[in-house]
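K.L.:
Predicted model and sequence below, questions to follow.
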Amino acid sequence: MKLNIIDLPKDDYKGGPSSLCPGCGHDQISNVVINAAWENGIQPDRIAKMSGIGCSSKTPAYFLGKSHGFNTLHGRMPAVTTGANVTNKDLHYIAVSGDGDTASIGIGQFIHAIRRNINMVYIIENNGVYGLTKGQYSATVEIGSKKRKAEANESPPIDLCAMAINLGCTFVARSFSGSKKQLTSLMKAAISHRGTAVIDVISPCVTFSNNDESFRS
């Protein structure tokens, strides 16, 4: 059995079975978090997983099952993570949110978390829809993108990476859930970063955007 630099097997970094739709890009992101934490050699009990509400916020159950975790309210993950940081600055905080959770109800929280530069990896699992409430467009979807059963989106998107850079975020990256090698490198760097590290991951929704007219198919 292969061990990491602190003599732990990768199984110690895994979580429970996924209940997401088969083929969901979010599951690939979960696998990347497992690989990055294992390769960085972080003790699972030195990690705290934080999440809001949505398809994305279900995923912490699927990785780092031996770590601490807290599932917060819709859009409120950054505030709870800020409080956790005040209480225990020695933990590694891996925070998971979605484009609806972050770019709409939680956008004020997103801004102030970056302003405070708290120690956290802020993963945005960005699929362009509200998957748990039947696929309404989120605030990040591109103009002209079309779901299987809806008119094309007419509203301009919010670019969360551009916003983070403008706010002075100390680590900003964007990747694709299917780019395992690139995303793993970014995740390892983000976990090692001191301060807020934002990773916007484009993650296709196989249920509501699995069509040629969607920019997220």
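P.N.:
Thanks, I have the structure now. All of these numbers come straight from a predicted model, not from anything done at the bench.
K.L.:
hey, let's count contacts and neighbours off CA atoms from now on
P.N.:
Noted.
K.L.:
since we're on the closest residue in space to residue 54 that isn't next to it in sequence, how many residues are nearby?
P.N.:
With CA to CA, 6 or more residues apart in numbering as the criterion, residue 54 has its nearest non-adjacent residue at 6.2 Å, and that residue is residue 132. Applying other CA atoms under 10 Å, we find 11 residues neighbouring residue 132.
K.L.:
The one 5 residues further on too?
P.N.:
For residue 137, the number of neighbouring residues by other CA under 10 Å comes to 23.
K.L.:
what's the answer for residue 116, then?
P.N.:
Neighbour count of residue 116, defined by other CA under 10 Å: 12.
K.L.:
Ok, residue 55 next?
P.N.:
Neighbours of residue 55 (other CA under 10 Å): 24.
K.L.:
With the one 5 residues further on instead?
P.N.:
When neighbours are counted by other CA under 10 Å, residue 60 registers 25.
K.L.:
same thing with the one 3 residues further on?
P.N.:
The burial metric for residue 63, expressed as a neighbour count using other CA under 10 Å, is 26.
K.L.:
Next up, the contacts around the nearest residue to it once chain neighbours are set aside.
P.N.:
Counting by CA to CA, 6+ apart, residue 15 is the residue found nearest to residue 63 once chain neighbours are left out, at 3.9 Å. Listed by CA atoms under 8 Å, 6 or more residues apart in numbering, the contact set of residue 15 reads 60, 61, 62, 63, 64, 65, 66.
K.L.:
Save those as CSV, and put in secondary structure too.
P.N.:
Listed next are the contacts of residue 15 as CSV, based on DSSP: H, G, I helix; E, B strand; the rest coil:
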residue, secondary structure
60, helix
61, helix
62, helix
63, strand
64, coil
65, coil
66, coil
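K.L.:
List just the nearest of those residues to residue 98.
P.N.:
residue 60 (12.4 Å; CA to CA).
K.L.:
Helices of the protein, residue ranges please.
P.N.:
25-40, 55-58, 77-87, 99-100, 107-116, 160-166, 180-192 (DSSP state H).
K.L.:
Quick check: mean pLDDT of the fifth one?
P.N.:
It stands for helix 107-116. Average pLDDT, helix 107-116: 96.
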